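# Let's see this in three dimensions:
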Amino acid sequence: MTNTHDDFETGLERKSARDTLTQLLGPEVIASLHRRSDAWGWFGIAGCWATIALALFMSELAIDAFTWWSLPLLIVSITLIGGRILGLAILSHEGSHRSLFETQKFNDSVCNWLCAAPIFLDIAKYRRHHALHHVHTGTELDVDLPLCDGFPTSPASMMRKFLRDISGITGIKSLIGLGMMNAGILKWNVAGTVEKLPSNGQSRADYLWTFVKESRRTLIFHSIFFLTMYFSNLTELFFIWWAGYLFAYPLCIRVRSIAEHAMTERSGNMLKNTRTTKAGIIGRALFAPFNVNFHIEHHALVSVPYWQLPKLHRLLREKQAIPTPPTYWQVIRLAASNK
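A predicted model of the protein is given here:
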């Protein structure tokens, strides 16, 4: 646990890094980078859902054909859905920073219903949790530390983590945890930390009512989704979505989390406690939707919209303020390099 002096030092490091950015880029450039766009917000959401629809269509082709290429196509489709579910999580993350749409109320409403609700998130809850991550990044008080701590590990340990992800063990545990958090049994977080809340004499009926109230958007969304698929004679696609959520999405989250903060410097300097990663086509599809791989840039200027991050990256690279980013494969090899 850090003490007051440590917090003060961390604050000085963070302020120094931001002052350096202001000197490098200038206040006018920084102001222009913070410009929001409703068009880009809708483009992100529409593109994400269009890709999910395409993957579901591919799944239906595979199921109907029932031939030698059905299983490989189904695996590709489920994996792609997992990557786009991460895309919805990243858009929810954008919404938590109020950077997806120009108007805050509109930003929160759209993000809640079209991005967060389908994947069991809530913008207000996530915003409170995520703010603590940004305040304490690189310190023992970072609420997301469990996502990236313990690396490098051994190749065998990394393989076990990946096997838990693709077997559905991680996804099922996460889903149960989210349900218990929404019921008020556990403290809400997205880092997998289990912290039981005091019961205060609540009955099972009280917990059930709290769950329904806190999960209402998710329950409404998936009820409509299921009924739409059922009456369209496409019920199997509802379960294909959940296969993507349970078997592919956890792996995408793990790789993304390792790349962003694992094995970085423990300091308050966001230029050193965070990593930007180079993403190719597969990386962008699965681990880095909506430019989340430009993570130093995001931590340096947290309210810059996703579509502005590549420009910020180019500017910082021109000023030699950040290093050449590694690829996801290079980061994973490093994370599994402890013999």
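# so where do the helices sit in the stretch 201-339 of the chain?
204-214, 216-231, 235-243, 249-261, 281-286, 295-300, 309-318, 328-335 (DSSP state H, counting those that start in this stretch).
# from the middle of its chain, how far away would the second one be?
With C-alpha atoms, centre = their mean, to the nearest Å as the basis, helix 216-231 stands 23 Å off its chain's centre.
# what about it, average pLDDT?
On average, the pLDDT along helix 216-231 is 98.
# Might one say that Ser37 is in contact with Trp307?
Yes: with contact defined as C-beta atoms under 8 Å, Ser37 reaches Trp307; the gap is 7.1 Å. In this view, the C-beta of every residue, glycine as well, is placed from N, C-alpha and C.
# Which residue of these two possesses the greater neighbour count?
Trp307 (20 against 15; other C-beta atoms under 10 Å).
# Now name the helix or strand holding the closest residue to that one other than its chain neighbours.
Setting aside the residues directly before and after it, Trp307 is nearest to Trp40 in space (C-beta to C-beta, 6 or more residues apart in numbering), at 4.6 Å. Taking DSSP states H and E as the definition, Trp40 sits inside helix 38-65.
# average pLDDT for stretch 38-50?
Mean predicted lDDT for stretch 38-50 stands at 98.
# Which positions in that stretch come out as buried?
40-41, 44-45, 48-49 (16 or more other C-beta atoms under 10 Å).
# Alpha carbons only: can I get it in PDB?
Backbone C-alpha positions of stretch 38-50 (Å, rounded to 0.1, in the frame of the first residue of the first chain) are rendered in PDB as follows:
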ATOM      1  CA  ASP A  38     -21.400  12.300 -33.200                       C
ATOM      2  CA  ALA A  39     -20.700  11.000 -36.700                       C
ATOM      3  CA  TRP A  40     -17.700   9.100 -35.500                       C
ATOM      4  CA  GLY A  41     -19.600   7.800 -32.500                       C
ATOM      5  CA  TRP A  42     -22.400   6.400 -34.600                       C
ATOM      6  CA  PHE A  43     -19.800   5.000 -37.100                       C
ATOM      7  CA  GLY A  44     -18.100   3.000 -34.300                       C
ATOM      8  CA  ILE A  45     -21.300   1.600 -33.000                       C
ATOM      9  CA  ALA A  46     -22.800   0.800 -36.400                       C
ATOM     10  CA  GLY A  47     -19.600  -0.800 -37.600                       C
ATOM     11  CA  CYS A  48     -19.300  -3.000 -34.500                       C
ATOM     12  CA  TRP A  49     -22.900  -4.300 -34.800                       C
ATOM     13  CA  ALA A  50     -22.600  -4.800 -38.500                       C
END
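# Which residues does it contact?
Residues outside stretch 38-50 that contact it (C-beta atoms under 8 Å, 6 or more residues apart in numbering): 84, 87-88, 91, 94, 100-102, 106-107, 110, 114-115, 289-290, 305-307.
# how does it look with 7 Å?
84, 87-88, 91, 100-102, 114-115, 290, 305-307 (C-beta atoms under 7 Å, 6 or more residues apart in numbering).
# Would you agree Arg254 is in contact with Arg160?
No: look at Arg254 against Arg160 with C-beta atoms under 7 Å: they stay out of range, at 11.7 Å.
# more neighbours, those two?
Arg254 (21 against 12).
# Not counting residues beside it along the chain, what's closest to that one?
Asp165 (5.9 Å).
# which residues touch the one you found?
Asp165 touches 250-251, 254, counting by C-beta under 7 Å, 6+ apart.
# and these as JSON lines, adding pLDDT?
JSON lines is the format used below for those (pLDDT from 0 to 100):
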{"residue": "Pro250", "pLDDT": "98"}
{"residue": "Leu251", "pLDDT": "98"}
{"residue": "Arg254", "pLDDT": "97"}
